[in-house]
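**Q** Dropping the sequence and predicted coords here.
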Amino acid sequence: MTITIRPASTVMFTGDSITDLQRPHDEDPYACSYPVRVAGEWSLRHPDRPVTWLNTAVAGHKVMDLEARWQADVLDARPDVLSILVGVNDLGWHTLDPDGHVIPADEFKAGYGRLLAPLADAGTQLILIEPFLLPIQGVVEAGAALVGEREREQWREDLDPKIQAVHELAGEYGAHLIPADRMFAELSVTTGPEFWAEDGVHPTSAGHSVLATAWLDLVA
């Protein structure tokens, strides 16, 4: 089963900073981000099939943040295809922030499901991308803090049940799934994880490229 994008379709990406295009210019987001790569490659392959591309991702957002703006930012646009990547901000690394709040996997799944239900009912084609965490070695910067492997092991324990929740939701709502966490883990065996995401979370240009390729592989 594949995604069908017809002429004049509206395709929307949403989620957090990995999808958000509004990044500092010195990071060259327009050359790097997977949504832009997808749109650019589509235009090259199908110049006779114009598509409206939308991006409503916001850096730092969690499932509950998406839910708060879902009607205005997503449902009102009535996308034909919606691609979602969310979850890494729902992990334990937010405990480094005194105002952070980490929700358990069951609450994460319930909130995520509330996002999907009205879209599935409307016949929107859904693409869910696994949240991912690459196995970076040593100390890296997370926000304003420096964290090591012990903290990332705790994040992994928090992430795995949330990845499972995304798999279950894909089955329940008939969504397509991109297993990004598994994909990056397999790629990291030969190249090292830093090639795909220097901090283990935000993809490099190469990381965005493979995300875009995986996304386009779903399209008829």
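**A** Received, thanks.
**Q** From now on I want contacts and neighbour counts done on CA atoms only, so please keep to that.
**A** OK.
**Q** excluding its backbone neighbours, what's nearest the residue lying farthest from the centre of the chain?
**A** Distance from the C-alpha centroid of the chain peaks at residue 48, with 28.3 Å (Cα atoms, centre = their mean). Excluding the flanking residues, the one nearest residue 48 by Cα to Cα, 6 or more residues apart in numbering is residue 7, at 8.0 Å.
**Q** Over to residue 175?
**A** residue 126 (4.8 Å).
**Q** can I assume that neighbour sits in a strand?
**A** Yes. Residue 126: assigned to a strand according to DSSP: H, G, I helix; E, B strand; the rest coil.
**Q** That one and residue 82 touch, don't they?
**A** Yes. If you go by Cα atoms under 8 Å, residue 126 and residue 82 touch, sitting 5.1 Å apart.
**Q** still on that earlier bit, what residues are up against the residue nearest to residue 175?
**A** 81-84, 120, 174-176 (Cα atoms under 8 Å, 6 or more residues apart in numbering).
**Q** hang on, the earlier thing: ok so the residue farthest from the centre of the chain is a strand residue?
**A** No. Residue 48 is assigned coil when assessed by three-state DSSP, not a strand.
**Q** Quick one: end-to-end length of stretch 2-14, please.
**A** Stretch 2-14 has an end-to-end distance of 20 Å (criterion: Cα to Cα, to the nearest Å).
**Q** and the residue lying closest to residue 53 once chain neighbours are set aside, which of the three is it?
**A** Nearest residue to residue 53, sequence neighbours excluded (Cα to Cα, 6+ apart): residue 11, at 5.1 Å. In terms of secondary structure, residue 11 is strand; the call rests on three-state DSSP.
**Q** on that earlier part again, any idea how far the residue farthest from the centre of the chain lies from residue 106?
**A** 44 Å.
**Q** again with residue 203
**A** From residue 203 to residue 106 the distance is 27 Å (Cα to Cα).
**Q** Great, nothing more from me.
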